[in-house]
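Asker: Generate coordinates for the sequence data below:
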Amino acid sequence: MASTVLNASFPGPVVLTRGKATTQAFTATTQSFQFSISQSMHVPNGLDCLNVSVVGGTGTTGVALECSLDGGTSFFGIADRGNQTFNTTTIGGDAAVVKADSYDVSGLASAMFRVGVTGITAGTANVTLFIS
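Answerer: You can find the predicted model right below:
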């Protein structure tokens, strides 16, 4: 995705760590947010997952997740974990998520990632990232 990096002025990408969520606001499909993960999480099942949810943004249809192994010179797409999307219903009138997915990022601790939204035509889409 040819994009404008929202956190380009930040000295290096944001580092996500287990147990701490990060949220970024998007207003266009041409925007991306760069980050890395701190280290392999060494979970008992051997699977490191990046969970992504999107709330808001008129027309927002999903998320694009990409990875770079060469410091951001080139990127490749990462598919979600086989259509294992989370339920997007709400209880008590809370804002429903537009999209919620899980991505396998096992073995990619030294990589740079970037995420963006697809289909947004108006408003703000808030993307929350969480490592588990």
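Asker: Contacts for stretch 116-123, please.
Answerer: The contact list for stretch 116-123, computed with C-beta atoms under 8 Å, 6 or more residues apart in numbering, reads 1, 3, 26-33, 54, 56-64, 125, 127. All C-beta spots, glycine's among them, are computed from the backbone N, C-alpha and C.
Asker: Would you mind measuring the gap between the ends of stretch 96-114?
Answerer: 24 Å (C-alpha to C-alpha, to the nearest Å).
Asker: Check stretch 110-121 too.
Answerer: 34 Å.
Asker: and what of stretch 100-115?
Answerer: First-to-last residue span, stretch 100-115, C-alpha to C-alpha: 13 Å.
Asker: partner strands of the worst-scoring helix or strand of the chain on mean pLDDT, parallel or antiparallel?
Answerer: Least confident helix or strand of the chain, by mean pLDDT, DSSP states H and E, is strand 14-16 with a mean of 78. Strand 14-16 sits in its sheet next to strand 31-37 (parallel), going by DSSP bridges.
Asker: returning to that earlier point: quick one: contacts of the helix or strand following the least confident helix or strand of the chain?
Answerer: Next helix or strand after strand 14-16 toward the C-terminus (DSSP states H and E): strand 22-26. Contacts with strand 22-26, where a contact means C-beta under 8 Å, 6+ apart, come from 6-7, 14, 16, 33, 35, 57, 115-117, 120, 124-130.
Asker: can you do 6 Å?
Answerer: With C-beta atoms under 6 Å, 6 or more residues apart in numbering as the test, strand 22-26 has contacts from 33, 117, 124-129.
Asker: Which of those sits closest to residue 69?
Answerer: residue 33 (18.5 Å; C-beta to C-beta).
Asker: isn't that closest one right up against residue 4?
Answerer: No. Contact between residue 33 and residue 4 fails when scored by C-beta atoms under 6 Å: they sit 10.3 Å apart.
Asker: In terms of neighbours, single out the busier of the two.
Answerer: More crowded of residue 33 and residue 4, by other C-beta atoms under 10 Å: residue 33, with 23 against 10.
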